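In: have a look; sequence and predicted model below, questions after that.
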Amino acid sequence: MSEPLVGDKIDQYELLDLLARSGMASIFKAKDTSDGQIVALKIPHIQFESDVVFFERFKREEIIGQKLDHPNICKVLRPKEKTRMYIAMEYVQGRSLRAMLQEKTPLPLDRALAIAIQLCEALVYLHGQGVVHRDLKPENILLSPEGNVKLLDFGIALDASARRMTWFGLSNTIGTPDYMAPEQVGGRRGDARTDVYSVGVMLYEMLTLHLPHESPNPHVLMRAKTTDEPTPPTIHEPGVSPQIEAILLKALERVPRDRYANAEAFLVDLRNPSAVPPRDAEIDRTRRRRIRIPSRVAVPVIIVILLAGLLALVSASHRKPGHAPHAAAPTQSR
């Protein structure tokens, strides 16, 4: 078996064009020769086809996808027969949310809210089916020219109906650091509130082109998610209203019980943000992420300050009394 190429035929599908290639799979535009339908085929690279862990994850993605039916979730199709590993999906014209964000221009509020609302509508349905996505990120969100959202990639989704042993057999990768909820960082499986957090991160990014926590070091980033409050969006984009800021900060609460309880509750505020009271000023002051020197820098700085103080004391003790008659008095009084 060889790597698929444009022009090849796999079962009932003819490969027409290469749409994308990742580290683990390629996605082709293809034609179903039985009815002429245009579809997308996700085909793993050949070196992964014999990997048992990868097979479990890939199979899980197909099984979950085939049981879902919602206008904001990419449909997974059922081929007549399969002679190799692949997932057949509906073909969606458009681009990813990531491609849109790479234009380096914050989205207008109404556009960003429309995307977040459609994502939450998909999540209400998804969670009702007992599925938690757990890897929501701009790369997994497709946007049609008409503005319709399509959610895809259920490779690490949590399915309440699946065997728990299948979960333990999967990869250690349980999300993408920038969009992972704090409880995922702590090794918990996550629930509906985990997906709420990820949508909150994406809405924050759409409006500010920044992330609530930012660091080039993934370990520092993940630690910050569990110890620091998110940076208020108005720090990056002063035009964000107090109501939208309140919505974002509630979706991004570190402790799941303080977050929106589910996608339905999040959806209520997204549909009518003007009805959301601004965040309490006192809570805002006490819970905002403190601006502090990173630990890797703070320790050397503290040492320098202490040494400087020690040298100053030593220097003062060696000065002649006539040079600084009042300098030692405060030190002695302490």
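Out: Good, I have the coordinates.
In: tell me where the protein has helices.
Out: Secondary structure of the chain by DSSP state H: the helices cover 52-66, 97-101, 109-128, 164-168, 182-185, 192-208, 218-227, 233-236, 242-251, 263-271, 281-287, 295-318, 328-333.
In: give the buried residues for the third one.
Out: Using 16 or more other Cβ atoms under 10 Å as the test for burial, helix 109-128 gives 109, 112-127. Every residue, glycine included, has its C-beta placed from N, CA and C.
In: contacts for that helix?
Out: Here helix 109-128 makes contact (Cβ atoms under 8 Å, 6 or more residues apart in numbering) with 68, 70, 72-73, 97, 106-107, 132-133, 136, 141, 143, 147-149, 151, 192, 195-196, 199, 202-203, 206-207, 244, 262-264, 266-267, 270-271, 273.
In: quick one: contacts for the most centrally placed residue in the chain?
Out: The centroid of the chain falls nearest to Y179 when counting by Cα atoms, centre = their mean (1.9 Å). By Cβ under 8 Å, 6+ apart, the contact list for Y179 reads 135-137, 198, 201-202.
In: at 10 Å instead, please
Out: Residues in contact with Y179 (Cβ atoms under 10 Å, 6 or more residues apart in numbering) are 134-140, 197-202, 205, 211.
In: which among the contacts of helix 109-128 end up buried?
Out: Buried, going by 16+ other Cβ under 10 Å: 68, 70, 72-73, 97, 106-107, 132-133, 136, 141, 143, 149, 151, 192, 195-196, 199, 202-203, 206-207, 244, 262-263, 266-267, 270, out of these.
In: these two touch, right, I64 and Q129?
Out: Yes: in terms of Cβ atoms under 10 Å, I64 counts as a neighbour of Q129; the distance is 8.6 Å.
In: okay, and the common contacts of these two?
Out: Shared contacts of I64 and Q129, defined by Cβ under 10 Å, 6+ apart, comprise 159, 161.
In: more neighbours: the two, which one.
Out: I64 (22 against 16; other Cβ atoms under 10 Å).
In: quick one: that one and A99, what's the gap?
Out: Note on I64: its distance to A99, by Cβ to Cβ, to the nearest Å, is 25 Å.
In: now L267
Out: 25 Å.
In: picking that back up, now, which of the contacts of Y179 sits nearest D32?
Out: N140 (23.9 Å; Cβ to Cβ).
In: number of residues surrounding the closest residue to the closest one other than its chain neighbours?
Out: Counting by Cβ to Cβ, 6 or more residues apart in numbering, N140 lies nearest to D153, which is 4.4 Å off, once chain neighbours are set aside. When counting by other Cβ under 10 Å, one arrives at 19 neighbours for D153.
In: quick one: contacts for D153?
Out: Going by Cβ under 10 Å, 6+ apart, D153 touches 42, 61, 65, 74, 87, 89, 133, 135-137, 139-141.
In: for PyMOL, write a command that selects the buried ones of these.
Out: Buried members of the contacts of D153, defined by 16+ other Cβ under 10 Å, are picked up in PyMOL with:
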select buried, resi 42+61+65+74+87+89+133+135+136+137+139+140+141
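In: now, the contacts of D153 that are in strands?
Out: Taking DSSP state E as the definition of strands, the contacts of D153 contribute 42, 87, 89, 141.
In: okay, those residues in JSON lines with pLDDT and distance to V240 next?
Out: What follows is those, written out as JSON lines (pLDDT from 0 to 100; distance: Cβ to Cβ, whole Å):
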{"residue": "K42", "pLDDT": "95", "distance to V240": "37"}
{"residue": "I87", "pLDDT": "96", "distance to V240": "38"}
{"residue": "M89", "pLDDT": "96", "distance to V240": "35"}
{"residue": "I141", "pLDDT": "96", "distance to V240": "21"}
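In: quick one: the closest residue to R98 other than its chain neighbours from S96, how far?
Out: Nearest residue to R98 in three dimensions, chain neighbours excluded: P138, at 3.8 Å (Cβ to Cβ, 6+ apart). Separation of P138 from S96 (Cβ to Cβ): 6 Å.
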